[in-house]
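In: how would this look folded up:
(2 chains)
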Number of protein chains: 2
Amino acid sequence: MRGRFITFEGGEGAGKSTQVARAAEWLRARSVEVVLTREPGGTPRAERLRAILLERDAEPMPQSCELLLMFAARATHLENLVRPAIARGAWVLCDRFTDATYAYQGGGRGLDVREIDALAGMVHADLWPDVTLLLDLPVDLGLARAASRNGTGGPDRFESEQHAFFERVRAAYLGRAQAEPARIRVIDATSAVDDVARDVEAVLANVLEASR
Amino acid sequence: MRGRFITFEGGEGAGKSTQVARAAEWLRARSVEVVLTREPGGTPRAERLRAILLERDAEPMPQSCELLLMFAARATHLENLVRPAIARGAWVLCDRFTDATYAYQGGGRGLDVREIDALAGMVHADLWPDVTLLLDLPVDLGLARAASRNGTGGPDRFESEQHAFFERVRAAYLGRAQAEPARIRVIDATSAVDDVARDVEAVLANVLEASR
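Out: Residues are numbered from 1 along each chain as shown, chains lettered A, B, ... in the order given. All right, here's what the predicted structure looks like:
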């Protein structure tokens, strides 16, 4: 049986990595084969592209380069990890996917949404997540959490953006959730970690129910 | 005064690198500021993408990933090297450009030409070469020359393609030259190096004449 493709989205400090890991644990306890991955990244080549995307570099990053690298990393990740896993029946849990491109490059950077549409059509016209969990919280709270969590090395190229950038990212995410309420479930990420996990599990339980 | 953008194209073993270097020398002797560069590559980030594009990797390379990486490298190369150089009046001589994408990814790999059109429009709708020198020679001769030249390390991901691939590349190049005869000048690359250089210089002399 075909597996499932579940993506986790949200701004800085929303707790995605924690919740993806919790969700994997919850599904594995129910005998589901889970593949945990992330974007940009998830395969060796895509992780090399992630490093190029995140580093704060002396060479300015044109917006079109950033957008094309996101989809190049996505293409190799989908072909070499996500699609084979789904085909053999695994559930793929992915930390960020194309909704993040619409939020960050479209909303945050103001890129033409039709360019993102065109690239998404080129790379994965046939594959969208079965369910997307959008962990939503106010920008201030998210940035405060992210700041207290950041270790050494300083912020990456995205984390070092300004407040207004993240407000646009959040607005773009919420706009997409409003346009696709059946796929994108908004989860209140201001609550305690266990409460957020319970909300995520409720959504996963429905998907699991429907597939048995 | 705005500089010029001159690109050199051709299949394996056509002698592009030699001819680009000769052309630079010839122009510099005429007091032209020349910037010599290549694609994919030309800036530090684009050269890192070149390495990812050329290496023979355990992770299969999806065609869409290859195409997107070519244009991502092109975007950062144009923005950070080519456009500023042309703006200050330099002549940029570039070993391969978007015609190579049409030839290798379009002709060689059989990718949909409309996808290449869309990406070229996204990345450099406003900038095409003033002149393109297409060094043309039969595939067999080119491959024999390339083989005798190859040192250690073995062929890269493109050089290790089959004969029929390079025939499609050559046909695509010649088709583009036929469609755009004013921009793309076909140079017979079977001749001796000095004769090819003389043909290239004749074209450059015309461009130089027109710009003085």
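
In: show me the shaky parts of chain A.
Out: Confidence mapping of chain A against pLDDT under 70 gives the ranges A:150-153.

In: tell me which parts of chain A are close to chain B?
Out: A:43-45, A:48-49, A:52, A:57-62, A:64-65, A:68-69, A:71-73, A:75-76, A:78-80, A:115, A:118-119, A:122-123 (CB under 8 Å from any CB of the partner chain). Heads up, the C-betas are built off the backbone N, CA and C, glycines and all.

In: what angle separates the helix or strand A:Ala73 falls within from helix B:63-77?
Out: Of the helices and strands defined by DSSP states H and E, A:Ala73 is found in helix A:63-77. Orientation of helix A:63-77 against helix B:63-77 (axes from the mean of the first three to the mean of the last three CA atoms, to 10 degrees) gives an angle of 160 degrees.

In: what comes up buried for the helix or strand just after helix A:63-77?
Out: Next along the chain after helix A:63-77, taking DSSP H and E as the criterion, comes helix A:83-87. Residues of helix A:83-87 classed as buried under the neighbour-count rule (16 or more other CB atoms under 10 Å in any protein chain shown) are A:83, A:85-86.

In: please save the CA atoms from the following helix or strand past helix A:83-87 in PDB.
Out: Beyond helix A:83-87 on the C-terminal side, the first helix or strand identified by DSSP H and E is strand A:91-95. Listed next in PDB are the C-alpha coordinates belonging to strand A:91-95 (Å, rounded to 0.1, in the frame of the first residue of the first chain):
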ATOM      1  CA  TRP A  91       5.100   7.500   6.000                       C
ATOM      2  CA  VAL A  92       7.400  10.300   5.200                       C
ATOM      3  CA  LEU A  93       7.500  13.100   7.800                       C
ATOM      4  CA  CYS A  94       9.200  16.100   6.300                       C
ATOM      5  CA  ASP A  95      10.300  19.300   8.200                       C
END
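
In: who are the packing partners of strand A:91-95?
Out: With contacts defined as 3 or more CB pairs under 8 Å, 6 or more residues apart in numbering or on different chains; DSSP states H and E, strand A:91-95 has these neighbours: strand A:4-10, helix A:16-28, strand A:34-38.

In: gap between the shortest one and the chain center?
Out: Strand A:34-38 has its C-alpha centroid displaced from the chain centroid by 11 Å (CA atoms, centre = their mean, to the nearest Å).

In: so which residue of chain A lies furthest out from the middle?
Out: In terms of distance from the mean C-alpha position of chain A, A:Ala58 ranks first, at 27.0 Å (CA atoms, centre = their mean).

In: what's the neighbour count on A:Glu39?
Out: Burial of A:Glu39, expressed as a neighbour count using other CB atoms under 10 Å in any protein chain shown, amounts to 21.

In: surely it touches A:Leu93?
Out: No: with contact taken as CB atoms under 8 Å, A:Glu39 and A:Leu93 are classed as non-touching, separated by 11.6 Å.

In: follow-up on the earlier one: who's in contact with the closest residue to the residue farthest from the centre of chain A other than its chain neighbours?
Out: Nearest residue to A:Ala58 in three dimensions, chain neighbours excluded: B:Pro44, at 7.8 Å (CB to CB, 6 or more residues apart in numbering or on different chains). By CB atoms under 8 Å, 6 or more residues apart in numbering or on different chains, the residues touching B:Pro44 are A:57-59.

In: which residues touch the residue nearest the centre of chain A?
Out: The residue at the geometric middle of chain A, judged as the C-alpha nearest the mean C-alpha position with CA atoms, centre = their mean, is A:Arg96 (1.1 Å). Contacts for A:Arg96 were tallied using CB under 8 Å, 6+ apart; they are A:7-9, A:16, A:38-40.

In: filter the residues of chain A next to chain B down to the buried ones and express that as a PyMOL selection.
Out: The following PyMOL selection, which keeps only the buried ones among those, applies the criterion 16+ other CB under 10 Å:
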select buried, chain A and resi 43+45+48+49+52+59+61+62+64+65+68+69+71+72+73+75+76+78+79+80+115+118+119+122+123
